[in-house]
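S.K.: one predicted model, sequence on top.
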Amino acid sequence: MRRFLTPRVTEALIAIAVFASSALWGSWYWGASLKAGRQPSFYQTYFEPAVMIACGHGFVISHPQPKPLEDFLLQREQTFSCDQIAGHLDLSTQYLYQGAWRYLLYATGITWYFTGIAWSRLAALAGVMFGFSILSIYGIFRLGMGRRVSLGGAFLLAISTLHLTNLPHLRDYSKAPFTLAAILILGWIVKAKPSRRAVVLLSAAYGLVLGVGYGFRTDLLIEIPPILIVLFLFLDGGFTKHIVTKIAGVVAFSAVFFVTAWPILSFVYDKGGAQWHVILLGFAPGSNELLEPTPYELVGASQDLYVDKTVRGYGSRVHPAWRDVIYGTHEYDVSSGSYLKEIVTRFPADLMIRALASTTQLTDLATGWPMAPMDGLARWMYRLRYVLLRVLRHTGPIFVLLAAAAIAAYDLRLGLYVTFFLLYFGGYPAIQFGTRHLFHFEFIGVWAAAFVIAGAITRPPGWSARRAAVWAGVSALVVVVPLAGLRLYQTRQAKTLFGSYVEGPRTAIRLGEPDRAALVHIAGPTDFRDVKFLELDLHPASCGPHVAIRYQPTPPDNDYSDTLDIPSSNSSEPTRIFAPIYSSTFQGIELPGARRGCVAAAYWVDPDHRPLLLTFVMPPDWTRRPLYQRVGLKLVERKP
């Protein structure tokens, strides 16, 4: 028996047990959550191709959509039978817009083929995804710790409130097993001896994980750069050695990725994938809770239609041929990508500080969700967990820094890799900083705490304070120097941009008296594709602390209203407010607490040929104020 249970066989058996138990637990939780009345949200109306796959019709949609199928997709009915669409159907791919989800929809359709078509029967698919996520987490722990500690870490993540409450939302959860598996593979590459066979196989595995994962969530595309950086900068031996092996790894990754991802890549290029649109949404208010307020807004509202109007307005001003681009098309991707480039090239320091704030928050995710994921669930266990997380509250960043320093003290190359990992994987969720985009990074704080505690107990030899000091110095330089340089650059860019608002031609607006709601009515654009650029000149001493740009909340436009703080000023010069107006639902400006003389003047500024029309509050001394974002130095605790 002992001869059979070699270390590899033992590890394989443990891995199987971790996957199986986690999959069963995740599947059970999915069903229990549904029975508790929690309705998952994963864009179920888009899952028609999955139904067609389950019914044997392939990756198609119907025109028109049969009523029973519509009722199922809108969740008026929880089950569906293929007999309900028997007979002649007009099936095609001409209007198929779900091509970027091909592998997710195939996984769903195959699940339904074997289990029957019902929303509740996706528990099996959710369980498999959860099992692979926890298995990958176990593997990540094993990179630096023994089996017992790694099993403990995997268990803690398996009962995580943050992780479990995101599991029912299948589409957004589906990125977790692929991202965690990719992180595990990167760790193997960095830790392993650089044999060509090992590097090629691991690089190919990384390509397979990203290629298949890209068909579940296109978010996985952002994880391509790390494999290239790891191969050339962090492979054991240094930058100048093993060049042929590194190139072979890149070739292996590229070949496997493009083969597995080609159906998705070709669809997205042909019909669009809205990747840049998603990034633009992340710049809107609501994604900046760890940052101090700035006098400008890069995007005015976190709503798809608002960003759509912003991109169209940009096209009308700068590239008239893009005026009538349709959301979700390849042409829209080109236009939104160009607009994003305008933001990135003018406000790069904001991107970096958002990434640093994101990294800080991610290191403390584990202690930010102490409550149980569901009432009555394993009360004794979650009560104990609650007490433990209360004691360790907000210690995540400390443990992460200690763990990184300890790793660097043992091996400087590994310590620098940890810095890269934290800055990259911790930073990119700032693109859209919501729990559905970052829950799977909760393991970072748990891993760091376990590593520090285990290391303090075992005290492995070979650590060097000198290496730790070098790591600290290099890491600080990597952060401080680029941030300082980018802020200098951004300040010049911002002064030029906002100064052009003042210098542009304008037309005066004749204002009436405020109504009972303190609203001064102003007529906005009449065409939904048009944009107007509003300027308000205010005397702060006569105004209240806020002014609101008010829209009528009419679906599908929703409400684009925005409340802006008016900074105090002793100057006789007015404080100017600039705001792009994108919709005919614009009502005017709301001036609560204002007295006569609050508004000195109002204008429509000529928006033509201006690449960026941003909401900007401009006090008289605006050129002496910071024109970049800063971290608010607080950790946000979230509740389920």
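M.R.: Okay, I see it.
S.K.: now the strands for the stretch 101-250 of the chain?
M.R.: With DSSP state E, counting those that start in this stretch, the ranges of strands along the stretch 101-250 of the chain come out as 117-118.
S.K.: what's the answer for the stretch 401-550 of the chain, then?
M.R.: Here the stretch 401-550 of the chain has its strands, by DSSP E, counting those that start in this stretch, at 506-508, 519-521, 532-538, 546-551.
S.K.: of these, which approaches I140 most closely?
M.R.: strand 546-551 (46.1 Å; C-beta to C-beta). The C-beta positions use only the backbone N, C-alpha and C, and glycine is treated the same way.
S.K.: so what touches that closest one?
M.R.: 519, 534, 536, 538, 557, 559-566, 577, 579, 581, 583, 585-592, 615 (C-beta atoms under 8 Å, 6 or more residues apart in numbering).
S.K.: now, which of those residues lie within helices?
M.R.: Judged by DSSP state H, the contacts of strand 546-551 include no members of helices.
S.K.: can I get the buried part of these as one ChimeraX selection?
M.R.: Selection of the buried residues among the contacts of strand 546-551 in ChimeraX, burial being defined by 16 or more other C-beta atoms under 10 Å:
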select :519,534,536,538,557,560,561,562,564,566,577,579,581,583,585,586,587,588,589,590,591,615
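S.K.: so P611 makes contact with G315?
M.R.: No. Between P611 and G315 there is no contact under C-beta atoms under 8 Å: 10.6 Å.
S.K.: of the two, which one has the most company?
M.R.: G315 (23 against 16; other C-beta atoms under 10 Å).
S.K.: near the closest residue to that one other than its chain neighbours, how many other residues are there?
M.R.: Spatial nearest neighbour of G315, excluding adjacent residues (C-beta to C-beta, 6 or more residues apart in numbering): W322 at 3.0 Å. Using other C-beta under 10 Å, W322 has 20 other residues around it.
S.K.: what do you get for the one 4 residues further on?
M.R.: When counting by other C-beta under 10 Å, one arrives at 11 neighbours for I326.
S.K.: now do the SS call for the residue nearest to it when sequence neighbours are not counted.
M.R.: Distances taken as C-beta to C-beta, 6+ apart place Y332 nearest to I326, at 6.2 Å, with adjacent residues excluded. State at Y332, reduced to three classes by DSSP: H, G, I helix; E, B strand; the rest coil: helix.
S.K.: which residues does the residue nearest to S150 when sequence neighbours are not counted contact?
M.R.: Nearest non-adjacent residue to S150, counting by C-beta to C-beta, 6+ apart: F141, 3.6 Å away. The neighbours of F141, taking C-beta under 8 Å, 6+ apart as the test, are 149-150, 153-154, 443, 447, 450.
S.K.: could you list the single helix or strand in this protein with the lowest mean pLDDT?
M.R.: strand 91-92 (a mean of 71; mean pLDDT, DSSP states H and E).
S.K.: re earlier: who touches the residue nearest to G315 in this structure?
M.R.: 312, 314-316, 331, 334-335.
S.K.: restricted to buried residues, select these in ChimeraX.
M.R.: Selection of the buried residues among the contacts of W322 in ChimeraX, burial being defined by 16+ other C-beta under 10 Å:
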select :312,314,315,316,334,335
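S.K.: in JSON lines: the contacts of W322, plus pLDDT.
M.R.: Below are these laid out as JSON lines (pLDDT from 0 to 100):
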{"residue": "R312", "pLDDT": "86"}
{"residue": "Y314", "pLDDT": "88"}
{"residue": "G315", "pLDDT": "84"}
{"residue": "S316", "pLDDT": "82"}
{"residue": "E331", "pLDDT": "84"}
{"residue": "V334", "pLDDT": "87"}
{"residue": "S335", "pLDDT": "89"}
